[in-house]
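Undergrad: Output the structure for:
(2 chains)
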Amino acid sequence: MLTRTAGPHALLVEVPDAAEALSLATWARALPVDAVEVVPAAATVLFDGVPDPAGLVAALAAWSPSGSVPSGPSVTVPVRYDGPDLAFVAERWGTDEAGVVARHTSLEFVAAFCGFAPGFSYLTGLPQELAVPRLETPRPSVPAGSVGLAGSWCGAYPTSSPGGWRLLGTTDAPLWDQERPSPALLPPGTRVRFEAV
Amino acid sequence: MNADWTVLAAGTLTTVQDRGRLGQAHLGVPRAGALDPPAAALANRLVGNRPGAAVLEVTMGGLVVRAGSGRWVAVTGAPVPVAVDGEARAHGAPVWVPAGATLALGTPSAGVRSCLAVGGGVAVEPVLGSRSTDTLAWVGPPRVTDGTVLPVGEPTGDPRSHDTPRPPRPGRLRLHAGPRADWFAPRALERLAGATYTVRTESNRIGLRLDGPALERVRDGELASEGMVLGAVQVPPDGQPVVFLADHPPTGGYPVVAVVDEADLWQCAQLRPGDEVGFSLLARPR
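TA: Sure, this is the predicted structure:
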């Protein structure tokens, strides 16, 4: 666990991967540590708004990697598998479109972190051998509710935006609603399954 | 009678801002908040508001509002002509606006963003604990447009024309070493601090985009997405630094060479395209 400073009131902690980042962030929030923001990402956790960085470093020394992804509440996301990249993914996976749907709905994903846009969750759980490359040129506008893959990440766009993910289908699930007390449907730690509709 | 204030002309960009939306970065929500916090705090002090009251942040002037209820107001930040029913009033001082009167802000003679505080604060509904509008993802109250009706709160204190410390003076932006300073050539921080950069027109509430000597990377490859702090000096592949401001994305994928001290970030709110900006290096921690 390597700790880097990001100015006088923030620490960036490096860990091996997203699962460990989520594990550390979950552990630190439960302590709780004295930080305004605890932001897990692909292989780091940012602690921002830290009044006592030295004290935080000392507290974090008690954490040890668990090797398992912390599991939170479970959410099922209904998907219409009608995405423009379904055939591309089927070819990469050496199957047909029904095979992609069967594989995608059989996996359990975990929301590792949010980024890119409010409520956009980076979901782990796709085996490395099923990783797919991003589009060479991002689409100028990906519709809200699009469900896609990039590398070994899975994600769903809460709002319309440009994007380079390979799109499998569309969901009507309310991924982001800022009027809700918990606006993100899939905050870090959520276990996610997809269901064909 | 309706006591709300009505926006007759919103200008180029006017948003409601308070001290920002904290504790939501892990959900991908930018912090937002007034880009020039000392100006917002001064405006609130002048009209007797609590420090966290919401103000209007007005970009390049041009705001015209009609007061539904009489209130003290104060305009701070970028110096603009202030008029009530066409009569000139002071910038940086409490000004009484009677019910039914029209308050107009002209074009700033310097700087970019003016803050308008109204006694009682702008009382739009908070979203996730804040009245700030984020212009990256548009979380928060909607952008102020022509015809927007703004509820105004009940005054919580009396106006003060004296005992207000002057706004800080502009100077070089002081830098701390960033978390990825080691991705850059040795002495990259010193080179950044010794150079002069020009503010690019693409600058906004998300970032201050700069043009000048490119910062050379010594480590290739992509940085995995990681958390970004306010004031992060992010360096994309073209080597031209971007200083992350209030509406910056909570995570990003380019290495951060340095972090601008929070006390100096207000200056970034007031730099115009074409302005020159310099940096100075604070002692490296540990």
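Undergrad: Show the low-confidence segments of chain A, by residue range.
TA: In the predicted model of chain A, residues A:67-70 satisfy pLDDT under 70.
Undergrad: The same query, at a cut-off of 90, please.
TA: A:1, A:19, A:64-72, A:115-117, A:136-138, A:161-162, A:178-182 (pLDDT under 90).
Undergrad: And the strands in it, which stretches?
TA: Per DSSP state E, chain A has strands spanning A:2-5, A:10-14, A:37-40, A:44-48, A:74-79, A:109-114, A:121-124, A:139-142, A:146-150, A:153-156, A:161-163, A:166-170, A:191-196. These are given in chain order.
Undergrad: so which of those gets nearest chain B?
TA: With distances scored as C-beta to the nearest C-beta, the stretch of the strands of chain A nearest to chain B is strand A:44-48 (2.6 Å). In short, each C-beta sits where N, CA and C put it, glycine included.
Undergrad: List the contacts of that closest one.
TA: A:6, A:9-15, A:21, A:24-25, A:28, A:33, A:35-39, A:56, B:25, B:224, B:226-230 (C-beta atoms under 8 Å, 6 or more residues apart in numbering or on different chains).
Undergrad: Please indicate which of the residues you listed are buried?
TA: A residue is treated as buried here by neighbour count (16 or more other C-beta atoms under 10 Å in any protein chain shown); on that basis the buried members of the contacts of strand A:44-48 are A:6, A:9-15, A:21, A:24-25, A:28, A:33, A:35, A:37-39, A:56, B:25, B:226-230.
Undergrad: how about the residues of the stretch 1-150 of chain B that lie near chain A?
TA: Proximity of the stretch 1-150 of chain B to chain A is confined to B:22, B:23, B:25, B:26, B:27, B:28, B:29, B:127, B:128, B:137, B:139, B:140 under the rule C-beta under 8 Å from any C-beta of the partner chain.
Undergrad: Repeat the analysis, applying 6 Å as the threshold.
TA: Taking C-beta under 6 Å from any C-beta of the partner chain as the criterion, the stretch 1-150 of chain B approaches chain A at residues B:22, B:23, B:25, B:26, B:27, B:28, B:29, B:127, B:137, B:139.
Undergrad: Confidence-wise, which of those comes last?
TA: Comparing pLDDT over these, residue B:137 scores lowest. The value there is 90.
Undergrad: which SS class is it?
TA: Three-state secondary structure (criterion: DSSP: H, G, I helix; E, B strand; the rest coil) places residue B:137 in coil.
Undergrad: Any idea how many residues pack against it?
TA: Residues lying near residue B:137 (other C-beta atoms under 10 Å in any protein chain shown) number 23.
Undergrad: Show me how chain B divides into domains.
TA: Chain B breaks down into these structural domains: B:5-150, B:173-281 (assignment by the TED database).
Undergrad: got TSV for those domains, with distance to residue A:103 too?
TA: As requested, the domains of chain B are arranged in TSV below (distance: least, C-beta to C-beta, whole Å):
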stretch	distance to residue A:103
domain B:5-150	27
domain B:173-281	25
